[in-house]
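Trainee: what follows is a protein structure lacking sequence information:
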């Protein structure tokens with residue numbers, strides 16, 4: 001197994017462990033929220049570029065969390081519906 005594949009599997013396992021516990025789901029949701037995943041990034045000025053960079057990171061984390069553990073990802077979303 002290559003080094004890259006081993007690192008990817010470790011990363012996915014870490015995300016699964018994070019989403020397994022309530023505290024981890026709270027943390028993951030907070031990171032997605034802070035990244036602006038559910039916010040409009042357009043400001044009409046150069047701040048948009050910064051916001052889009054942050055949002056891009058958040059969207060990658062969103063995809064990674066969803067791929068690692070779809071069931072607990074959905075649990076996280078339900079826990080934060082309010």
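Mentor: In hand now; what should we look at? The structure displayed is predicted, hence computed values, not measured ones. Numbers count the residues shown, from 1 in each chain.
Trainee: nearest residue to residue 36 other than its sequence neighbours?
Mentor: Using C-beta to C-beta, 6 or more residues apart in numbering and skipping the chain neighbours, the partner closest in space to residue 36 is residue 55 (4.5 Å). Glycine gets a C-beta too; all of them are placed from N, C-alpha and C.
Trainee: my read is that that neighbour contacts residue 35, right?
Mentor: Yes - with contact defined as C-beta atoms under 8 Å, residue 55 counts as touching residue 35 (6.0 Å).
Trainee: the strands in the chain, which residues?
Mentor: In the chain, no segments count as strands under DSSP state E.
Trainee: give the contact list for residue 41.
Mentor: With contact set as C-beta atoms under 8 Å, 6 or more residues apart in numbering, residue 41 has these partners: 48, 51-52, 54-55.
Trainee: ugh, wrong one, residue 68
Mentor: 12, 15-16, 19.
Trainee: for those, pick the one with the most neighbours.
Mentor: residue 19 (23 neighbours; other C-beta atoms under 10 Å).
Trainee: tell me the pLDDT of that one.
Mentor: We have a pLDDT of 98 for residue 19.
Trainee: now, the contacts of residue 41 that are in helices?
Mentor: 48, 51-52, 54-55 (DSSP state H).
Trainee: now a PyMOL select for only the buried ones of those residues.
Mentor: Here is the PyMOL command that selects only those of the ones in helices among the contacts of residue 41 that count as buried (16 or more other C-beta atoms under 10 Å):
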select buried, resi 51+54+55
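Trainee: any chance of a markdown table for the ones in helices among the contacts of residue 41, columns distance to residue 41?
Mentor: Putting the ones in helices among the contacts of residue 41 into a markdown table (distance: C-beta to C-beta, whole Å) gives the following:
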| residue | distance to residue 41 |
| --- | --- |
| 48 | 6 |
| 51 | 4 |
| 52 | 5 |
| 54 | 8 |
| 55 | 5 |
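Trainee: the ones in helices among the contacts of residue 41: which two are farthest apart?
Mentor: The most widely separated members of these are 48 and 54, with 10.8 Å between them, by C-beta to C-beta.
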